[in-house]
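Undergrad: pasting the sequence and the predicted coordinates here, then a few questions.
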Amino acid sequence: MELDLENEFADRAYPILASLVTPRPIALVTTLSADGIVNAAPFSFFNLLGADPPICAFAPGDRDDGIPKDTARNIRATHEFVVNLVDEAIAEAMNQCAASLPFGESELARAGLHAAPSSVIKPPRIAEAPASLECVEWGTLQIGGNRVIIGLIKRVHLRDELFDVATKRVRTDKLHTIGRMASPHWYCKTNERFEMIRPG
């Protein structure tokens, strides 16, 4: 089977690709509006891109009426954001943050989540998240109808039990993030894992 995403299947690109490229990590992004209102929104078009310097990227689309989502508008104004990772404990709260609310209305209270202060940027992180990445916008790429926001990761916050101080490694056995699976409503848990040793 061959699918032409430029012609016959152009209008099906999102559901096809979002169902194939799985699992995808979820960024629950917190930003501040120009007047100080916290916005929280989940994005599964998200990943790390490098470590020197540490960078991540996510792609917030537009609303159905073509207006950029609050996250993109806030980053354009402030150039700062926090990527909060999503584990099983806050999965349903993350889903509540996907609701379309009027601009300037915060999703945190609706989802039962709480803001915690960041260290070097103004937007808060989410207290209940297992880990949070404080980011400063490096740049935003506009590729057709896609907006890709690249962030420089300035600080990482994570629950104490998730970091082994002696080895300076994340205790992945205690991190139970969820992943995005097939469009439109499927997710996965990440507690079933296997190890493969890379050849020398």
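TA: Cool, the structure landed.
Undergrad: now do the buried residues in stretch 73-89.
TA: Within stretch 73-89, the residues that qualify as buried are 73-75, 78-87, counting by 16 or more other C-beta atoms under 10 Å. Where C-beta positions appear, they are placed from N, C-alpha and C, glycine not excepted.
Undergrad: just stretch 91-105 next, same as before
TA: In stretch 91-105, counting by 16+ other C-beta under 10 Å, buried: 91, 93-94, 96-97.
Undergrad: start to end distance for that stretch?
TA: Distance across stretch 91-105, first residue to last, is 21 Å (C-alpha to C-alpha, to the nearest Å).
Undergrad: centre of the chain to it, how far?
TA: 13 Å (C-alpha atoms, centre = their mean, to the nearest Å).
Undergrad: neighbouring contacts of that stretch?
TA: 26, 28, 33, 35, 37, 40-42, 63, 70, 73, 86, 107-108, 110-113, 128, 178, 187 (C-beta atoms under 8 Å, 6 or more residues apart in numbering).
Undergrad: give me the distance between Thr22 and Asp62.
TA: 23 Å (C-beta to C-beta, to the nearest Å).
Undergrad: neighbour count winner among these two?
TA: Thr22 (16 against 13; other C-beta atoms under 10 Å).
Undergrad: and that one, that one's in a helix?
TA: No. Applying DSSP: H, G, I helix; E, B strand; the rest coil, one finds Thr22 to be coil, outside a helix.
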